[in-house]
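> Model the structure of this input:
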Amino acid sequence: MIDSIFWDELYKQFSWYDSLFTPLVKNCSKEFFFDGLEFKLISASTNMNILSQNDTFFVTKVKINSKNDVFIRISQEAINVILDKVLGKNNRKFDLTEVSELEAKIITEFSDYLFETLTPNFNVDPHRRYTEILHLTYYVKNESSDAAAKFIISVPKEILSPKSIEAQVQHYTDDDFLDCMVDASFYVGSTSFSMADVKRLEAGDVVVLEHSDSSSMTLTNEGINQKFQIRPNSRIVEPYEATVENSMEDNMGNSNLWDSIQVDLSAEFEKVKVPLGELKSIEEGLVVDLCSVYDNKVYLKVGEKTVATGGLVIINDRFGVRIENVPTNESDLVEEENTEMNNQENSPAGDNFDYSDFEADENQG
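Numbers count the residues shown, from 1 in each chain. Take a look at the predicted model:
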């Protein structure tokens, strides 16, 4: 496995070379040739062999001290791109073996001008021999053509000294965004139900979530599962005697294996709009008041299948769900989620509930 820290460091180095040299190369070309040439840094490497193989270069060498030089290598194809821009499209392709005096003068003077533009960023010791050479490989392209070719700037790596950048003043704080609304999902709890009881769910029933705590919920969002404390809302507290117990009928009376199977019935809000301030409080481990969440629908699910929707209630120290709708199929669920738009009535419950998602192999058991 490749160390990601290694690649992060390489990316930072490349980005620094790109931010330093590319604007200078572009400005130099613009001032020397006018607009029309595009440049893109594709490599910053101490090994030039792969990038330069199979290419012929026009090389300009400029001394930076008595022991070291900077090389600007412009490929034959890149010279064609440049000359087509400067002298106009020519049917004769540039050939380094037959370079004219005018062509050589244009390329040499451009290379010298580019070196002068880069020089202020070099920190050269006049007596030192540098051993590690950095090769910055660019693609140059005429904006009016798809043809692109490369040229290479080779400089001693040690003469490039990154300049420290002072951190910018932070214009905003977290407090500036506390009222901004974002999507979040909250897991409420679960309970165990038989398949017979799941099929008998009706609007008005209250399902008590045995595996829940009215003082806590769990934030679930993009791989995050974080339990947090909440202030129970007295507005949704239900008196115990007015509720319907989970066990709607003695499972021993079920006539077949399918109806007796126990499944986990879980309850959660899906994509609830909450202020960033509440999420910040959750992250900091504070007790949260989720008033903005309680009026949203709660989805009762078996696995990934929604079997009912309703409103959140509190039964003693447990959460519960007062069922408002039991969809009989997927289209009913879509209609239920858009009731404010189409004003559809709740679908009836009963034997028409489509439980094909739960079908078991008849040969099992």
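> so where's the longest helix in this structure?
Counting residues, the longest helix in the chain under DSSP state H turns out to be helix 4-33.
> what about that helix, average pLDDT?
The average of the pLDDT scores along helix 4-33 is 82.
> for stretch 314-321, same thing?
On average, the pLDDT along stretch 314-321 is 92.
> quick one: secondary structure of residue 201?
On the three-state scheme (DSSP: H, G, I helix; E, B strand; the rest coil), residue 201 is labelled coil.
> Output the contacting helices and strands for the longest helix of the chain.
Packed against helix 4-33 by the contact rule (3 or more CB pairs under 8 Å, 6 or more residues apart in numbering; DSSP states H and E) you find strand 37-45, helix 76-87, helix 101-118, strand 133-142. Every residue, glycine included, has its C-beta placed from N, CA and C.
> quick one, which of these is nearest to residue 313?
strand 37-45 (61.4 Å; CB to CB).
> As a check, name the ranges of all strands in this protein.
Per DSSP state E, the chain carries strands over the ranges 37-45, 57-63, 69-75, 133-142, 148-156, 181-194, 206-208, 216-221, 224-229, 237-238, 262-275, 298-302, 305-315, 318-325.
> how about a markdown table for the ones you listed, with mean neighbour count and distance to residue 98 added?
Output for those, formatted as a markdown table (neighbours: other CB atoms under 10 Å; distance: least, CB to CB, whole Å):
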| stretch | mean neighbour count | distance to residue 98 |
| --- | --- | --- |
| strand 37-45 | 17 | 23 |
| strand 57-63 | 15 | 12 |
| strand 69-75 | 21 | 16 |
| strand 133-142 | 20 | 21 |
| strand 148-156 | 21 | 18 |
| strand 181-194 | 18 | 66 |
| strand 206-208 | 23 | 88 |
| strand 216-221 | 18 | 66 |
| strand 224-229 | 13 | 66 |
| strand 237-238 | 14 | 93 |
| strand 262-275 | 17 | 69 |
| strand 298-302 | 21 | 77 |
| strand 305-315 | 21 | 76 |
| strand 318-325 | 22 | 84 |
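> low-confidence ranges in the stretch 201-350 of the chain?
For the stretch 201-350 of the chain, applying pLDDT under 70 flags the ranges 240-255, 329-350.
> Now with 50, please.
242-252, 340-350 (pLDDT under 50).
> Could you report the neighbour count for the residue nearest to residue 117 when sequence neighbours are not counted?
Spatial nearest neighbour of residue 117, excluding adjacent residues (CB to CB, 6 or more residues apart in numbering): residue 28 at 4.5 Å. When neighbours are counted by other CB atoms under 10 Å, residue 28 registers 18.
> do residue 30 as well
Residue 30 has 12 nearby residues by other CB under 10 Å.
> so what's it up against?
By CB atoms under 8 Å, 6 or more residues apart in numbering, residue 30 lies in contact with residue 37.
> What's the separation between it and residue 298?
62 Å (CB to CB, to the nearest Å).
> now residue 188
6 Å.
> and for the two, which residues touch both?
Shared contacts of residue 188 and residue 298, defined by CB under 8 Å, 6+ apart, comprise 267, 268, 269, 312, 321.
> Leaving out sequence neighbours, find the closest residue to the second one.
Spatially, and ignoring its direct neighbours in sequence, residue 268 is nearest to residue 187 (4.7 Å; CB to CB, 6+ apart).
> pretty sure that neighbour is touching residue 272, no?
No - Residue 187 lies out of contact with residue 272 (CB atoms under 8 Å); the separation is 11.4 Å.
> What is the neighbour count of residue 291?
Count around residue 291 with other CB under 10 Å applied: 12.
> on that earlier part again, reformat the strands of the chain as a markdown table; add distance to residue 115.
Putting the strands of the chain into a markdown table (distance: least, CB to CB, whole Å) gives the following:
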| stretch | distance to residue 115 |
| --- | --- |
| strand 37-45 | 16 |
| strand 57-63 | 5 |
| strand 69-75 | 6 |
| strand 133-142 | 13 |
| strand 148-156 | 9 |
| strand 181-194 | 52 |
| strand 206-208 | 78 |
| strand 216-221 | 54 |
| strand 224-229 | 53 |
| strand 237-238 | 79 |
| strand 262-275 | 57 |
| strand 298-302 | 67 |
| strand 305-315 | 69 |
| strand 318-325 | 73 |
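> which stretch among those comes nearest residue 125?
Nearest to residue 125, of all the strands of the chain, is strand 148-156, at 9.9 Å by CB to CB.
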